[in-house]
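>>> Sequence plus predicted model, see below.
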Amino acid sequence: MFVGCGGSGAREPPSAKNRAEPDGGVQTLVRERVPGGYVSIVGRRYTYLGRTHSELESREQPAGMRLRGGSSGGVSIEPGQHSPLEMLVSHGCVGVHVYALAYAMLRDAKNSVIAQVGGTTTRFKKVTIPESFDPDGVLVYALLAPGENDVITRTPSGRVVYNERWRGREALSCSRPSSAEGEVEGDIG
């Protein structure tokens with residue numbers, strides 16, 4: 001026990017307070033087949049600076065191999081976020097195949113999300129996040145087509161509440177099975 005001033009008299013040493021620690025672990029929410037293997041979206045709970053946090057991360061699994069990696073950042077699924085859609089796009093390679101996985105926290109489950117590029121429209125799939133993650137919405141995801149994708153969120157009445165351009169699949173060189181490119185966050189267009 002650590003003795004401190006005031007309160008309960010106990011406190012953590014500074015080194016323990018600033019460490020991210022597992023708290024409920026990792027749970028796979030989506031496993032999507034892509035050429036060369038799978039990409040997954042996982043929910044992750046952890047404690048950092050004395051608070052429990054929940055977020056979504058992407059991972060990849062080349063054919064015949066174990067699930068690996070974790071994104072360099074994640075999408076927060078906690079209450080208190082103000083954007084109708086908080087999104088990341090994970091660009092990378094599974095084997096020698098390129099992918100662009102868009103995944104997001106949709107704050108209002110009644111809304112719908114699409115990506116448009118050229119004459120192609122891709123509808124985002126919805127997944128309910130387990131209550132143990134204390135989500136503030138639903139997970140939506142899609143594999144983006146090559147080029148600049150306009151990601152649009154609409155209310156049931158058709159009103160646009162979010163519209164942002166995101167880069168889709170690129171002509172990356174995927175000569176090595178483990179050449180993940182990481183995350184792209186924010187407006188690319």
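The structure has been received and is ready for your questions. Residues are numbered from 1 along each chain as shown.

>>> can you give me the helices in this structure?
14-17 (DSSP state H).

>>> Can you give me the buried ones in stretch 96-106?
For stretch 96-106, burial by neighbour count (16 or more other CB atoms under 10 Å) applies to 97-106. For the C-beta atoms, the positions are set from N, CA and C on the backbone; glycine is no exception.

>>> Let me fix that, I meant to ask about stretch 56-63.
So for stretch 56-63, counting by 16+ other CB under 10 Å, buried means 56-62.

>>> Relative to residue 141, which of the buried residues of stretch 96-106 is nearest.
residue 103 (4.2 Å; CB to CB).

>>> Identify the residue nearest the closest one in space, chain neighbours excluded?
residue 141 (4.2 Å; CB to CB, 6 or more residues apart in numbering).

>>> I'd say that neighbour and residue 100 touch.
No: counting by CB atoms under 8 Å, residue 141 stays clear of residue 100, with 11.2 Å between them.

>>> number of nearby residues for the residue nearest to residue 103?
23 (other CB atoms under 10 Å).

>>> OK, contacts around it?
Shown in contact with residue 141 (CB atoms under 8 Å, 6 or more residues apart in numbering): 30, 32, 41, 101-104, 124-125, 127.

>>> One more: residue 168?
Residue 168 neighbours (CB under 8 Å, 6+ apart): 89, 100, 115, 117, 144-149.

>>> Of these, which belong to strands?
In strands, defined here by DSSP state E, the members of the contacts of residue 168 are 89, 100, 115, 117, 148-149.

>>> Looking at those residues, spot the one nearest residue 134.
residue 89 (24.6 Å).

>>> Can you verify my assumption that the closest one contacts residue 165?
No: counting by CB under 8 Å, residue 89 stays clear of residue 165, with 10.9 Å between them.

>>> Give me the distance between the residue nearest to residue 103 and residue 33.
According to CB to CB, to the nearest Å, residue 141 stands 13 Å off from residue 33.

>>> next one: residue 125
13 Å.

>>> Equivalent analysis for residue 167, please.
From residue 167 to residue 33 the distance is 22 Å (CB to CB).

>>> and those two? which has more neighbours close in?
residue 167 (17 against 12).

>>> Show me what the lengthiest strand in the chain is packed against.
Determined from DSSP E, the single longest strand within the chain is strand 21-34. Counting contacts by 3 or more CB pairs under 8 Å, 6 or more residues apart in numbering; DSSP states H and E, strand 21-34 is packed against strand 37-48, strand 51-62, strand 97-106, strand 125-127, strand 138-143.

>>> Residue 161 is nearest to which of the ones you listed?
So among the helices and strands packed on strand 21-34, strand 97-106 is nearest, using CB to CB, at 10.2 Å.

>>> Tell me what angle that closest one forms with strand 51-62.
With axes from the mean of the first three to the mean of the last three CA atoms, to 10 degrees applied, the angle from strand 97-106 to strand 51-62 works out at 150 degrees.

>>> quick one: strands adjacent to strand 97-106?
strand 85-94 (antiparallel), strand 138-143 (antiparallel) (DSSP bridges).
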